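Participant: Compute the structure for the input listed below.
(2 chains)
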Number of protein chains: 2
Amino acid sequence: MGHAFDDAVALTPLDENRSQGHTSPAYANMVGPFGGITAAQALSAVLRHPQLLGEPVSLTVNFCAAVADGDFAVTARPVRTNRSTQHWVIEMTQGDATVLTATAFTALRRDTWGAGEHAMPAVAAPAEVDLPRGPGRVEWINRYEMRFAEGGFPTAWDGADHGVSRTRLWLRDQPPRPLDFASLTALSDVFFPRIWRRRARPVPIGTVSMTVYFHAGAEQLKATGTGYLLGQAQAQAFQKGYFDQTAQLWNEAAELLVTTHQIVYYKE
Amino acid sequence: MGHAFDDAVALTPLDENRSQGHTSPAYANMVGPFGGITAAQALSAVLRHPQLLGEPVSLTVNFCAAVADGDFAVTARPVRTNRSTQHWVIEMTQGDATVLTATAFTALRRDTWGAGEHAMPAVAAPAEVDLPRGPGRVEWINRYEMRFAEGGFPTAWDGADHGVSRTRLWLRDQPPRPLDFASLTALSDVFFPRIWRRRARPVPIGTVSMTVYFHAGAEQLKATGTGYLLGQAQAQAFQKGYFDQTAQLWNEAAELLVTTHQIVYYKE
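Facilitator: Sure thing, here's the model as predicted:
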């Protein structure tokens, strides 16, 4: 039997731009699927495209509606192909309804001068950080190993303003699976809602838009393999029903693989 | 005579979704227009749409090619309208060529609990920070008042690795113009390239994708008026031809109006 992630992001090509996929019970959320798996499905439509040039550099997905359990269609169009770069417009539909829009940018990358400017924070090693007790409250949580080094899931919903929303955790697919662009996309969305952390109140939320910048190329992902990633996420503002989240993912070699951002609806 | 910004973002409706605009010499960059004005034009196509619901919450623009001097067409389609939210897909073309793709999310915002989590850094007041000497090297620079409190434009291209890419500056339209969503979008892109700051080397660059999260609503923008914004921008990673930039814009009342991110091509 293959990995649940591979099954979840598998697409059947219908024509050059159009594919069919299906939601996966293994990644079910409270209502509809985990957003990260939906984002990974959108990127997969680009990754399987015969005209694909290069590797993903950026991806923005907009969640328009809860994806209903069952089949969906996803269209990925290369709207502009330059010498070494390519721009994509992506849309996911169920029946006549648009459930997701996205844009992506892929490129052939070259070796250049490079540097990090956001050092990996010092936290205890994965083996020294406890696993949460008991199964996740929604199914998709069980598809990830998460070891919270700071700012774990609230144990008491006391509704106090804890003043800070930062979380740091070690994470990887459960069972472990070699990292690729699709799984890295899903991993970019694993952070529980920052308002739950800040307020210790389980208010209704929903991610509206998520952007992923891939600093790593395929070789670096291959070298990362099934190792842990350190994820860090924090909000910068909560205002009038929406908060943002800015996050980073490093591998155990302290290489920054991804910086990612999202804006999230909340009801208070 | 009106403000150059109003002329630059003016669109002529062609049908419900489609408008025509034109590039503005006042916002010319080295090649083509300043990206911020192009992003503002894309948002303007949403703002002028008769079916618009609510105010902008997020915008992602992808720059597919340099916009040629002259006319362009911009199409903004409301692909999903929910009770109080709306998703947009935007495309800018010149002839048959796509020069920009974008997505936007608008919403009717409600009063909720709110909080900031990225305090405005302490810098000298605008009047105490010198203006750069002499005119900008490209025309659009002259459309903004920029007072660099930290990390100003390099005065010597020494090619050294300065180790940090952070810039803090006071900024506003020049001449001053009351803040609105379109001008705030353009202001989100005024930071000179982070690699020029970090490396003090004027390497060729080009923004590929920019995302703007609007934390402020129209009332807050109105209250901000023609006051200064404090902008802060910094890269997190420079790798294989692309660096990211994460930035914030506060008003003088220390309210965080925007958080914004971009990924930028560089040649080394």
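Participant: which other helices and strands contact the helix or strand harbouring A:Ile263?
Facilitator: In the assignment (DSSP states H and E), A:Ile263 maps to strand A:256-266. When contacts are defined as 3 or more CB pairs under 8 Å, 6 or more residues apart in numbering or on different chains; DSSP states H and E, strand A:256-266 packs onto helix A:181-187, helix A:194-199, strand A:205-214, helix A:218-224, strand A:242-251, strand B:205-214, strand B:242-251, strand B:256-266. Using the backbone N, CA and C atoms, a C-beta is placed for each residue, glycine as well.
Participant: how about it: buried residues?
Facilitator: With burial defined by 16 or more other CB atoms under 10 Å in any protein chain shown, the residues of strand A:256-266 counted as buried are A:Leu256, A:Leu257, A:Val258, A:Thr259, A:Thr260, A:His261, A:Gln262, A:Ile263, A:Val264, A:Tyr265, A:Tyr266.
Participant: quick one: the second one and B:Ala76, what's the gap?
Facilitator: Going from A:Leu257 to B:Ala76 by CB to CB, to the nearest Å gives 34 Å.
Participant: Tell me which of the helices and strands packed on strand A:256-266 lies nearest to B:Ala68.
Facilitator: Ranking the helices and strands packed on strand A:256-266 by proximity to B:Ala68 (CB to CB) places strand B:205-214 first, at 15.0 Å.
Participant: export the buried residues of strand A:256-266 to TSV and tack on pLDDT and distance to B:Trp113?
Facilitator: Listed next are those as TSV, based on pLDDT from 0 to 100; distance: CB to CB, whole Å:
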residue	pLDDT	distance to B:Trp113
A:Leu256	98	33
A:Leu257	98	34
A:Val258	98	30
A:Thr259	98	28
A:Thr260	98	25
A:His261	98	22
A:Gln262	98	19
A:Ile263	98	17
A:Val264	98	14
A:Tyr265	98	14
A:Tyr266	98	9
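Participant: Would you mind naming what in the stretch 51-200 of chain A lies close to chain B?
Facilitator: Neighbours of chain B within the stretch 51-200 of chain A, by CB under 8 Å from any CB of the partner chain: A:57-58, A:60, A:62, A:64-65, A:79-80, A:82, A:85, A:87, A:89, A:91, A:97-99, A:101-103, A:105, A:107, A:109-118, A:161, A:164-165, A:198-199.
Participant: Where does the nearest residue to A:Arg18 once chain neighbours are set aside sit: helix, strand or coil?
Facilitator: Leaving aside its chain neighbours, A:Arg18 sits nearest to A:Thr75 (5.0 Å; criterion: CB to CB, 6 or more residues apart in numbering or on different chains). Classification of A:Thr75 by DSSP: H, G, I helix; E, B strand; the rest coil places it in strand.
Participant: next one: A:Ile37
Facilitator: On the three-state scheme (three-state DSSP), A:Ile37 is labelled helix.
Participant: And the pLDDT at the residue nearest to it when sequence neighbours are not counted?
Facilitator: In space, A:Ile37 comes closest to A:Tyr27 once its chain neighbours are excluded; the distance is 4.1 Å by CB to CB, 6+ apart. Per-residue confidence at A:Tyr27 stands at 98 (pLDDT).
Participant: just A:Glu268 next, same as before
Facilitator: pLDDT, A:Glu268: 84.
Participant: Could you measure from it over to chain B?
Facilitator: Relative to chain B, A:Glu268 is positioned 4 Å away (CB to the nearest CB, to the nearest Å).
Participant: so what's that residue up against?
Facilitator: Contacts here follow CB atoms under 8 Å, 6 or more residues apart in numbering or on different chains; on that basis A:Glu268 touches A:Arg201, A:Val203, A:Gly241, B:Thr112, B:Trp113.
Participant: Pull out the buried residues from stretch A:118-129.
Facilitator: A:His118, A:Met120, A:Val123, A:Pro126, A:Val129.
Participant: Kindly apply the preceding question to stretch A:170-183 instead.
Facilitator: By neighbour count on 16+ other CB under 10 Å, the buried set for stretch A:170-183 is A:Trp170, A:Leu171, A:Arg172, A:Asp173, A:Arg177, A:Leu179, A:Asp180, A:Phe181, A:Ala182, A:Ser183.
Participant: Switch those residues over to a markdown table; also include distance to B:Leu230 and pLDDT.
Facilitator: Below are these laid out as a markdown table (distance: CB to CB, whole Å; pLDDT from 0 to 100):
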| residue | distance to B:Leu230 | pLDDT |
| --- | --- | --- |
| A:Trp170 | 36 | 98 |
| A:Leu171 | 35 | 97 |
| A:Arg172 | 39 | 98 |
| A:Asp173 | 41 | 98 |
| A:Arg177 | 44 | 98 |
| A:Leu179 | 38 | 98 |
| A:Asp180 | 40 | 98 |
| A:Phe181 | 36 | 98 |
| A:Ala182 | 39 | 98 |
| A:Ser183 | 38 | 98 |
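Participant: just to revisit the earlier point, burial count for the residue nearest to A:Arg18?
Facilitator: 16 (other CB atoms under 10 Å in any protein chain shown).
Participant: on contacts alone, who are the packing partners of the strand or helix carrying A:Met92?
Facilitator: A:Met92 is part of strand A:85-94, with elements assigned from DSSP H and E. Other elements packing on strand A:85-94 under the criterion 3+ CB pairs under 8 Å, 6+ apart are helix A:35-47, strand A:71-81, strand A:97-107, strand B:85-94, strand B:97-107.
Participant: of those, which approaches B:Thr226 most closely?
Facilitator: Between B:Thr226 and the helices and strands packed on strand A:85-94, the tightest spacing by CB to CB is seen for strand B:97-107, at 24.9 Å.
Participant: coming back round to it: residues contacting the residue nearest to A:Arg18?
Facilitator: Taking CB under 8 Å, 6+ apart, we find A:Thr75 in contact with A:Asn17, A:Arg18, A:Ser19, A:Ala45, A:Ile90, A:Glu91, A:Met92, A:Thr93.
Participant: A:Arg172 contacts A:Thr226, correct?
Facilitator: Yes: taking CB atoms under 8 Å as the definition, A:Arg172 is a contact partner of A:Thr226 at 6.6 Å.
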